[in-house]
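Chemist: What follows is a protein structure lacking sequence information:
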Ligand code: HEC
């Protein structure tokens, strides 16, 4: 148990320093993802994530490989699970099912919400967090929302009450004869703006033909966090870290244990190595 504690505090320390901006370019625009991550061995973070997940995601999505009684792994008692987290069923051995009928969902949102059991693995946790931090107001869309990671997605921003209404700031850099004289200069200015951005941002490059000449357009878009939500932007980012932490647990419930065992094995091996080195020294001490 002591070792468990030690390992978990080491993880918490690690998680604190990895407030990692990661970049992504998979076709489409390059995206800079910004925001904290949470630790897999932080049971409180997982519990907060579970609460968000059952309250805000199971309305539309299922997690058909996850059973409610599995939540005892994140240190919740069956009583707590029953009282606080079960809305769509009353059997604790049941899997997490959506409250919405998939047919209705298809009709309302134009797409069936995918099962979220292994979403953290297929989508990656970084991308998932960026997706949940990437919603912004877009009046051109039927839902009223758009998303930086998944443009024109059918899902509305279901956590808007927490985040408030984020918007997007768009900066376009192209040759204009005044401030910007060449395509290269436009790219340089756009890159600088992209690097300087402190919120989730994307970098896009289009080529347009103008009077037979090619003009390069560089577009930098940044999420402008809202201040009208129940949470501050920083608190919202932490809540998303918890949510994604929980979804990572759902996708692979044994991961934390495996990592702990791995660390223990490395520790024991290093003791063995030290013993072997000491033995070798002792053994050869009087030979030469
Ligand atoms: C109001 C219904 C609704 C709720 C509530 C909802 N979603 Fe969705 N979600 C959808 C729909 C519909 C899609 C599919 C949209 C599409 O393919 O255009 C979707 C898609 C997704 C995707 C895939 C995105 C992609 O790029 O393909 C993820 C991830 C996701 N949802 C996560 C969540 C999480 C996490 C929550 C809880 C915080 C949540 N959703 C709550 C309706 C919902």
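Modeler: On my side now, so go ahead. Keep in mind that what you see is a predicted model, and the values were worked out from it rather than measured.
Chemist: which ones are touching residue 237?
Modeler: By Cβ atoms under 8 Å, 6 or more residues apart in numbering, the residues touching residue 237 are 35, 36, 133. All C-beta atoms are positioned from the backbone trio N, CA, C, and that covers glycine.
Chemist: List the buried residues in whichever strand or helix holds it.
Modeler: Taking DSSP states H and E as the definition, residue 237 sits inside helix 233-251. Neighbour counts over helix 233-251 (16 or more other Cβ atoms under 10 Å) mark 233, 236-251 as buried.
Chemist: and what of stretch 217-234?
Modeler: 217, 218, 219, 220, 221, 222, 223, 225, 226, 229, 231, 233.
Chemist: biggest separation within those, which pair?
Modeler: Across these, the longest distance by Cβ to Cβ is 35.3 Å; it joins 217 and 231.
Chemist: how close does residue 178 sit to the ligand?
Modeler: 39 Å (Cβ to the nearest ligand atom, to the nearest Å).
Chemist: How far off centre is the longest strand along the chain?
Modeler: In the chain, taking DSSP state E as the definition, the longest strand is strand 213-224. Centroid separation for strand 213-224 versus its chain: 25 Å, with Cα atoms, centre = their mean, to the nearest Å.
Chemist: likewise stretch 104-113?
Modeler: On Cα atoms, centre = their mean, the centre of stretch 104-113 falls 24 Å from the chain's centre.
Chemist: ends of it, how far apart?
Modeler: End-to-end distance of stretch 104-113 (Cα to Cα, to the nearest Å): 11 Å.
Chemist: is the ligand contacted by it?
Modeler: Yes - using Cβ under 6 Å from any ligand atom, stretch 104-113 reaches the ligand at 105, 109, 111, 113.
Chemist: mind listing what's buried in that stretch?
Modeler: 105, 109, 112, 113.
Chemist: again with stretch 93-107
Modeler: For stretch 93-107, by 16+ other Cβ under 10 Å, it's 95, 96, 98, 100, 105.
Chemist: Name all residues that make contact with the first one.
Modeler: If a contact means Cβ under 8 Å, 6+ apart, then residue 95 has 62, 63, 64, 65, 66, 67, 68 as its contacts.
Chemist: any chance of the buried residues of stretch 217-234 in a markdown table, plus pLDDT and distance to the ligand?
Modeler: What follows is these, written out as a markdown table (pLDDT from 0 to 100; distance: Cβ to the nearest ligand atom, whole Å):
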| residue | pLDDT | distance to the ligand |
| --- | --- | --- |
| 217 | 94 | 25 |
| 218 | 96 | 25 |
| 219 | 96 | 21 |
| 220 | 97 | 22 |
| 221 | 96 | 17 |
| 222 | 97 | 20 |
| 223 | 97 | 16 |
| 225 | 96 | 17 |
| 226 | 95 | 17 |
| 229 | 96 | 14 |
| 231 | 97 | 14 |
| 233 | 95 | 17 |
